[in-house]
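1. model the following, please.
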Amino acid sequence: MAITQKTHLFRIHVFLFLALLPLTITASPATAEAEVLLKWKNSLISSSTLNSSWSLTNIGNLCNWTGIACDTTGKVSVINLSQRELEGTLAQFDFISFPNLTAFNLSSNTKLNGSIPSTIYNLSKLTFLDLSNNYFDGNIISEIGGLTELQYLSFYHNYLIGTIPYQITNLQKLWYLDLGSNYLQSPDWSKFSGMPLLTRLSFYHNELSSEFPGFVTDCWNLTYLDLSKNHLTGAIPELLFSNLGKLVFLNLTSNLFQGPLSSNISRLSKLQDLGLGQNRFNGPIPEQIGLLSDLQILDLQENALNSTIPSELGFCTNLTFLALATNSLSGAIPLSFTDLNKLSDLALSLNLLSGEISPYFMTNWTDLISLQVQENNFTGIIPPDIGLLEKLNYLFLCGNEFHGSIPSEMGNLKELLRLGLSRNRLSGPIPSVEWNLTKLTILRLYDNQLTGTIPPQIGNLTSLTDLELSINKLHGELPETLPLLSKLERLSVLDNNFSGTIPTDFGKNSPNLQYVHFSNNSFSGELPPGLCSAFALKNLTADGDNNFTGPLPDCLRNCTGLTRVRLDGNQFTGDISIAFGVHPSLVFISLSGNRFSGELSPDWGLCQSLTKLQVDGNKISGEIPVELGKLSQLRYLSLDNNELNGQIPVELENLRHLFNLSLSGNHLSGDIPKFIGNLTDLNYIFLDLSSNSLSGTIPSDLGKLNSLENLNLSHNHLTGIIPSLTGMIILNSSDFSYNDLTGQIPTADVFKNAIYTGNSGLCGHAEGLSPCSSSTPSRTSNNKTKIVLAIVIPVCGLSFLVFAIGAILRGATQHYGEEIQSIEKDQSATPLIWERLRWRLFFDLILKLNSFQY
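-> Numbering: from 1, shown residues only. Reported below is the predicted structural model:
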């Protein structure tokens with residue numbers, strides 16, 4: 001019975017094994033591949049888009065997983081996980097487990113990173129490999145040459161480095177090769193061989209720095225070649241024009257190619273897109289380009305081309321994009337350009353072109369979207385026919401010599417987004433129809449001779465971000481509709497004749513307002529309280545002939561992005577200590593000539609980018625904050641004509657780049673700090689410490705300021721002599737007046753026109769001073785003293801020795817008789833006369849020495 005049971009169980013096990021055996025054998029390869037894929041999926045940081053099908057519960061249905069396809073044997077042949085938002089690396093991907101893989105695509109996941117595993121190059125059947133638009137890094141290794149079946153390879157837009165391995169040209173079946181937008185460097189191109197099947201090649205935006213890659217001219221089937229945005233040098237090889245006649249797309253822009261453009265360019269007869277811009281090509285534009293009848297895009301901008309524009313370009317009647325900007329082209333626009341009736345973009349800016357813009361161009365360029373002819377020498381009027389360009393989005397005519405009025409026909413340009421007519425000689429009022437171009441985002445009319453007012457209709461331009469009307473002859477008040485421009489980022493109306501107050505709500509509804517310029521008008525009243533309500537303001541100028549009053553907007557204190565502020569010459573009031581906060585990006589601020597009061601806040605020391613701080617001519621009191629010494633970039637410090645007191649902080653010694661220091665007209669006391677002599681960049685303008693209560697002597701260290709042009713120490717309580725200051729070799733003016741200085745004035749040429757009035761103790765050859773007497777202290781006394789001492793001391797010593805010996809001898813003769821004494825008296829009469837004279841000379845010398853200044 002037991003044996004029967006065991007036999008029965010054995011038969012069951014055998015049956016189950018045999019029943020399962022075919023399934024195990026059939027499912028094993030798929031299961032293994034599935035397990036490898038799941039292992040890799042689980043290693044990823046993010047793979048949520050695969051969750052629906054990539055799971056153990058669905059392991060038997062591998063060929064239907066997302067992005068997976070199998071061949072007839074059931075093995076994975078295609079992995080296509082493009083744009084699946086995957087994040088992680090390929091470190092856990094076992095490529096060896098997929099011997100039948102023919103296509104592998106992980107493009108555009110953006111967060112896949114790490115190096116490309118070397119095992120990927122063992123996929124001998126691979127024909128398609130796309131890892132573009134990710135974060136893969138490291139080198140492309142030589143083993144890539146083993147993928148001999150590969151036809152499509154793209155590593156575009158990653159972070160690959162190193163040189164391109166020459167083994168890549170072993171991939172003779174490639175028709176598509178894109179290594180663009182990495183950090184790859186130039187290899188030894190001589191090791192590369194031609195790739196006869198290659199039709200598309202891109203090394204765009206890398207770090208290639210050699211001459212033109214020679215192997216490229218042996219890729220005879222190329223239709224697309226992009227080497228742009230590298231550092232390639234030299235001339236374009238002539239073989240390119242003779243061997244690559246199938247090219248449709250050629251882009252060499254943004255390199256360092258040089259030399260003249262070859263006339264053989266016409267041999268590339270199939271070209272539709274030619275980009276040679278941003279190089280160093282010189283000479284003429286070859287007229288043979290006119291033979292490229294299929295050409296649609298021609299970019300020659302930013303070179304050194306210096307001819308006229310060949311009329312033959314007008315034969316390229318399929319042109320839609322023509323960029324000749326930023327060269328040295330001269331002459332007029334050829335009339336043959338009237339045939340370019342497919343043009344959508346024309347860029348001729350920054351050349352030396354001249355003449356008038358023919359109205360015939362306008363009648364034929366009706367497809368134009370962008371017309372840019374700024375920064376040339378065009379003359380005449382703006383043709384009224386410009387109103388025919390109804391598709392225009394961008395019109396830039398600025399920086400020319402156009403005159404006359406702005407044509408009202410511009411009101412037809414309803415699609416216009418940006419209009420630039422600045423820096424011409426346009427006159428008359430701004431046409432009212434312009435205020436109906438509701439799609440305008442930028443309107444620049446500055447530096448013309450426009451007159452009239454800004455009408456309320458400006459409120460219609462609700463898309464406007466940039467309104468620049470400066471340097472014209474506009475007048476009147478700013479319209480109350482100005483606050484309706486809620487998208488406004490920049491308003492500039494400086495140098496006009498505007499008057500009145502700024503609309504109260506201006507800025508309140510413009511959260512992106514960053515640049516506001518009211519300077520040199522006749523505005524009055526207060527600045528709008530909402531001018532910087534969103535704290536986005538960066539640049540504010542209201543100086544000049546304005547007469548603004550009242551406190552500054554409270555919001556200004558919180559504009560941490562402020563870079564430039566000019567409010568000088570108004571009647572602003574308020575406590576300066578609370579008007580401003582901490583502005584790390586502030587570079588320039590001038591508040592001169594207002595009525596600000598209060599004390600300077602220590603917070604100014606946190607404005608680390610500040611180069612100019614000008615708050616003179618106010619009613620600011622208190623001491624100079626020691627924190628100003630932290631402004632290491634400061635070049636200009638003007639605190640004069642306030643009510644500051646205390647001493648000049650020694651911390652200002654840290655302002656090593658200061659070239660203008662003006663502290664005059666305050667109540668500063670104490671000595672002039674010696675450190676000022678170490679501010680050796682002080683030049684160009686002046687060092688002004690006048691009209692204070694400074695005392696002590698003038699530090700001789702000021703003589704180190706050898707670039708100083710103006711020095712003013714007048715109206716203080718300075719004493720002592722004026723040091724020689726011989727280092728001030730380019731000083732133009734100096735003022736030492738109204739102090740308590742003594743001694744001889746400096747004799748250097750740079751002090752010939754110095755002012756010394758009000759110093760009773762000074763002497764010398766200057767207006768209002770008496771000549772110095774022989775007993776007058778002199779700055780050369782040290783040298784003279786040394787010379788006199790060198791002579792007097794030995795003489796006096798010798799005299800003393802003679803005198804001492806004589807005294808001893810005279811003492812000895814007192815023991816002799818009277819007769820001997822009387823004889824000696826008669827004989828010593830002459831020596832006694834010289835002895836008295838010697839002592840008199842000695843005391844005269846001592847008196848003179850006491851009068852010398854050391």
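
2. contacts only, for the residue nearest to Lys270 when sequence neighbours are not counted.
-> Counting by Cβ to Cβ, 6 or more residues apart in numbering, Val248 is the residue found nearest to Lys270 once chain neighbours are left out, at 5.5 Å. Just so you know, the C-beta spots here come from the backbone N, C-alpha and C atoms, and that holds for glycine as well. Listed by Cβ atoms under 8 Å, 6 or more residues apart in numbering, the contact partners of Val248 are Thr223, Tyr224, Lys270, Leu271, Gln272, Asp273.

3. just the ones in strands from the residues you listed, please.
-> Members of those lying in strands (criterion: DSSP state E): Tyr224, Asp273.

4. and the residue nearest to Lys270, what's its pLDDT?
-> Confidence at Val248, expressed as pLDDT, is 98.

5. now swap in Thr680 and tell me
-> pLDDT for Thr680: 76.

6. next, the buried residues of stretch 399-412.
-> By neighbour count on 16 or more other Cβ atoms under 10 Å, the buried set for stretch 399-412 is Gly399, Asn400, Phe402, Ile406, Pro407, Glu409, Met410, Gly411, Asn412.

7. measure it end to end?
-> Terminal residues of stretch 399-412 lie 23 Å apart, using Cα to Cα, to the nearest Å.

8. tell me which helix or strand of the protein sits lowest on mean pLDDT?
-> Least confident element among the helices and strands of the chain, by mean pLDDT, DSSP states H and E: helix 818-827 (a mean of 31).

9. now the strands for the stretch 51-200 of the chain?
-> Per DSSP state E, counting those that start in this stretch, the stretch 51-200 of the chain carries strands over the ranges 68-70, 76-80, 87-88, 103-105, 111-115, 128-130, 135-139, 152-154, 159-163, 176-178, 183-185, 200-202.

10. could you dump those to CSV with mean neighbour count?
-> Listed next are the strands of the stretch 51-200 of the chain as CSV, based on neighbours: other Cβ atoms under 10 Å:
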stretch, mean neighbour count
strand 68-70, 18
strand 76-80, 19
strand 87-88, 18
strand 103-105, 19
strand 111-115, 17
strand 128-130, 21
strand 135-139, 16
strand 152-154, 21
strand 159-163, 16
strand 176-178, 20
strand 183-185, 17
strand 200-202, 21
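
11. which one of those strands lies closest to Lys39?
-> Closest of these to Lys39 is strand 87-88, at 12.1 Å (criterion: Cβ to Cβ).

12. before we move on, back to that, secondary structure and distance to Ile458 for the buried residues of stretch 399-412 - can I get that in TSV?
-> Shown next, in TSV, are these (DSSP: H, G, I helix; E, B strand; the rest coil; distance: Cβ to Cβ, whole Å):
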residue	secondary structure	distance to Ile458
Gly399	coil	24
Asn400	coil	25
Phe402	coil	23
Ile406	coil	15
Pro407	coil	19
Glu409	helix	20
Met410	helix	15
Gly411	helix	14
Asn412	helix	19
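
13. nearest to Asp749, of these?
-> Gly399 (46.7 Å).

14. so the closest one touches Asn376, yeah?
-> Yes. Contact criterion Cβ atoms under 8 Å: Gly399 and Asn376 qualify, at 7.2 Å.

15. now name the helix or strand holding the closest residue to Glu480 other than its chain neighbours.
-> With sequence-adjacent residues excluded and distances taken as Cβ to Cβ, 6+ apart, Glu480 is closest to Pro503, at 5.1 Å. Assigned by DSSP states H and E, Pro503 belongs to no helix or strand.

16. Pro503 and Glu468, how far apart?
-> In this view, Pro503 and Glu468 are 18 Å apart by Cβ to Cβ, to the nearest Å.
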